[in-house]
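A.B. asks: Kindly generate the corresponding structure for this input.
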Amino acid sequence: MPLGVVVRKSPGVTRWAKWAWRVSAVMPGAAQANWRELRRDGETVEYHAATLPLTLWAAETEAYLTNLADGAPSIYVVLRNEPDGNAPLDVAVVTASPFEAQDYTDNGDDLVEKVPMSAGLAAWIEEFTLKHHVEDTFVKRKRDRKRVDLTENGKGDERIHQTSDVFRAPRKRLVQ
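C.D. replies: Next comes the predicted model:
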């Protein structure tokens, strides 16, 4: 499903950041756009920055269930500071998986924004998830019965016969 990403540019609150960029909304089924201005209120401007596909994967249904079980299901938008010349930010990824969004936050370079999901979009994702989700059964590991206390540590290589401990303190040899 194509999702249009709406990005708000507002004046920065510190002297180190001239502008503050924030994803304010997503629009399901939006047409293609490249930083088209939607609204202006003084110095605050909202842009339809890009339209990216929201792809759902059958293997990620557990993550979608986690997102839907949250009090406010969300869409995660990944922004990068790699402008291509005519765009201030690069809208890289749109995802409904909080686990994938967390992976993008780990590198420290990407800006991951959490945007509330509309009810229709949440219903679409829930329908997909319920259709494709397969519950993994928990399998408890069994303890192996190997005895690990039968080997003696400190004797070095088992193939070389030694009678003393290899961790002993060196002794001074008496010369006669």
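A.B. asks: Kindly indicate whether residue 55 is helix, strand or coil.
C.D. replies: Secondary structure for residue 55, judged by DSSP: H, G, I helix; E, B strand; the rest coil, is coil.
A.B. asks: Can you show me the helices along the chain?
C.D. replies: According to DSSP state H, the chain carries its helices in the segments 61-69, 98-106, 119-132.
A.B. asks: which residues in the protein form strands?
C.D. replies: Secondary structure of the chain (DSSP state E): strands at 2-11, 19-28, 36-41, 44-53, 74-80, 90-95, 111-116.
A.B. asks: and the first one, how far from the chain's centre?
C.D. replies: Here the centre of strand 2-11 is set off from its chain's centre by 20 Å, with C-alpha atoms, centre = their mean, to the nearest Å.
A.B. asks: again with the fifth one
C.D. replies: Distance of strand 74-80 from the chain centroid (C-alpha atoms, centre = their mean) equals 10 Å.
A.B. asks: who's in contact with residue 79?
C.D. replies: For residue 79, the contact set (C-beta atoms under 8 Å, 6 or more residues apart in numbering) comprises 7, 21, 23, 89, 90, 91, 92, 110, 111, 112, 113. C-beta: built from backbone N, CA, C; applies to glycine.
A.B. asks: Fine by me, thanks again.
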